[in-house]
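In: I would like the atomic coordinates for the input below:
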Amino acid sequence: MTPSVTIIIPTYNRASTLPQAVEAALGQSHPQTTVMVVDDGSQDETGAILTRYADHPRFVGVSLAGNVGTAQAKNVGIALSTTDAITFHDSDDLPHRDKVMRQARVLGNETIGAHPSLNWRLSGREPETPIQVGGVLTHHELILPDGERVEIRRSLSLVDDFFPNLQMAAGVPGDWTHVNSGLFHRSVFDRLGGFLDCIEEDREFRNRLIMAGEVLWVIPEILLTKIESPDGLTQAGATDYDSPRRIADRQRVWDAVGRWFATREVDPVPIDLSGVRVRSCTKPELCNRQSLARVTALRDRVA
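Out: You can find the predicted model right below:
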């Protein structure tokens, strides 16, 4: 059966781009899709945008009491969602209308099995047994701040932190398959936890999926347009690719890969929302009530 899906859109002070991202998410052809925007303490007009969509039956607007960062905002979405599968879109992403449907059909395909021509035992599976795909990624295009369009098609670079020797002549820097194009089965988060609280959270999560032997399926078609804005995390001076903060986080990621090579052990990242508070939620009935009660400052309104 095709799984139900939550599209989680974490956002911070992106009121200028958020509406088109919400419209594209609500316009997905997959009928069992909920769109959850997690406002990470924005100080612009984001709150008014959440109010604008509050009456839509498949929209949930979650406002946090303070800024906790993209990773924790995603973790809030994971904890509050109730669907079979979860995907994460940035607040300026424009998915193809059928992106989620195409991914959900793969994720729900019960006929996928471990073909005996491949070494499935290396990832803890037996040949000729059914496989639950853990994540379905897609190729995408990236629009850079100067207007250049780059097609991101290199699924090999999923393993760039493991085998940099395979990444030579990659072309445009950043020519990789984004894990945040992916749709993930909920069981992945049950096994591995959520996102590490850092600005390399996507990279770290991707590596944990690989190290744990999760099955990743790549749809080799461009089903998502990503826009790198001058005020985005990868462009801002404090958090760009060459910033001390990102370099330090990248080293944490590489250290984890090194430990895995030495031990073959994978540590889950439990979702810890003890320091997070939800100020408001437009549709508590579409959320996990227990998780919402733990993080909300309005307990009497969601009991």
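In: Tally up the residues packed near residue 69, please.
Out: Residues near residue 69, counting by other CB atoms under 10 Å, number 18. Using the backbone N, CA and C atoms, a C-beta is placed for each residue, glycine as well.
In: Could you count how many residues lie near the nearest residue to it once chain neighbours are set aside?
Out: With CB to CB, 6 or more residues apart in numbering as the criterion, residue 69 has its nearest non-adjacent residue at 6.4 Å, and that residue is residue 197. Counted by other CB under 10 Å, the residues lying close to residue 197 total 17.
In: Give me the pLDDT for residue 197.
Out: With respect to pLDDT, residue 197 scores 93.
In: distance of it from residue 128?
Out: 40 Å (CB to CB, to the nearest Å).
In: wait, what's in contact with the residue nearest to residue 69?
Out: For residue 197, the contacting residues are 69, 71-72, by CB atoms under 8 Å, 6 or more residues apart in numbering.
In: nearest to residue 243, of the residues you listed?
Out: Looking at the contacts of residue 197 and their distance to residue 243, the nearest is residue 69, at 14.7 Å (CB to CB).
In: ok, the closest one - contacts?
Out: 40, 197, 199 are the contacts of residue 69 under CB under 8 Å, 6+ apart.
In: Turn those residues into CSV, columns for secondary structure and distance to residue 22.
Out: Shown next, in CSV, are the contacts of residue 69 (DSSP: H, G, I helix; E, B strand; the rest coil; distance: CB to CB, whole Å):
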residue, secondary structure, distance to residue 22
40, coil, 15
197, coil, 25
199, coil, 24
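In: Export those residues as JSON lines, with columns for distance to residue 223.
Out: Converted to JSON lines, the contacts of residue 69 look like this (distance: CB to CB, whole Å):
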{"residue": "40", "distance to residue 223": "26"}
{"residue": "197", "distance to residue 223": "29"}
{"residue": "199", "distance to residue 223": "25"}
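In: Which parts of the protein are strands?
Out: In order along the chain, the chain carries the following strands (DSSP state E): 5-11, 33-39, 59-64, 85-88, 94-95, 135-143, 149-152, 183-185, 216-227, 278-281.
In: Show me what counts as buried in the last one.
Out: Applying a neighbour-count criterion of 16 or more other CB atoms under 10 Å, the buried positions in strand 278-281 are 278, 280-281.
In: mind checking how far the nearest residue in space to residue 138 that is not next to it in sequence is from residue 158?
Out: Sequence neighbours aside, residue 223 is the residue nearest to residue 138 in space, at 4.2 Å (criterion: CB to CB, 6+ apart). For residue 223, the distance to residue 158 equals 17 Å [CB to CB].
In: Check residue 18 too.
Out: Applying CB to CB, the value for residue 18 to residue 158 is 29 Å.
In: Those two: which has the busier surroundings?
Out: residue 18 (24 against 19).
In: Give the ranges of residues in this structure that sit below the confidence cut-off.
Out: Along the chain, the parts satisfying pLDDT under 70 run over 170-176, 230-241, 297-303.
In: Tell me which stretches of the stretch 201-303 of the chain form helices.
Out: Using DSSP state H, counting those that start in this stretch, the helices of the stretch 201-303 of the chain run over 201-211, 244-263, 289-295, 299-302.
In: Of all the ones you listed, which one is nearest residue 14?
Out: When the helices of the stretch 201-303 of the chain are compared for distance to residue 14 using CB to CB, the nearest one is helix 201-211, at 17.2 Å.
In: Measure how that closest one sits relative to strand 135-143, angle-wise.
Out: If you take axes from the mean of the first three to the mean of the last three CA atoms, to 10 degrees, helix 201-211 sits at 140 degrees to strand 135-143.
In: would you put the C-alpha positions of helix 201-211 in CSV?
Out: Taking Å, rounded to 0.1, in the frame of the first residue of the first chain, the C-alpha atoms of helix 201-211 are listed here in CSV:
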residue,chain,number,x,y,z
GLU,A,201,22.8,17.4,10.0
ASP,A,202,21.8,16.1,6.6
ARG,A,203,25.3,14.9,5.9
GLU,A,204,25.5,13.1,9.3
PHE,A,205,22.1,11.6,8.8
ARG,A,206,23.0,10.3,5.3
ASN,A,207,26.1,8.7,6.7
ARG,A,208,24.2,7.0,9.6
LEU,A,209,21.8,5.6,7.1
ILE,A,210,24.7,4.1,5.0
MET,A,211,26.6,2.8,8.1
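In: And that helix, what does it pack against?
Out: In terms of contacts (3 or more CB pairs under 8 Å, 6 or more residues apart in numbering; DSSP states H and E), helix 201-211 is packed against helix 70-80, helix 186-192, helix 244-263.
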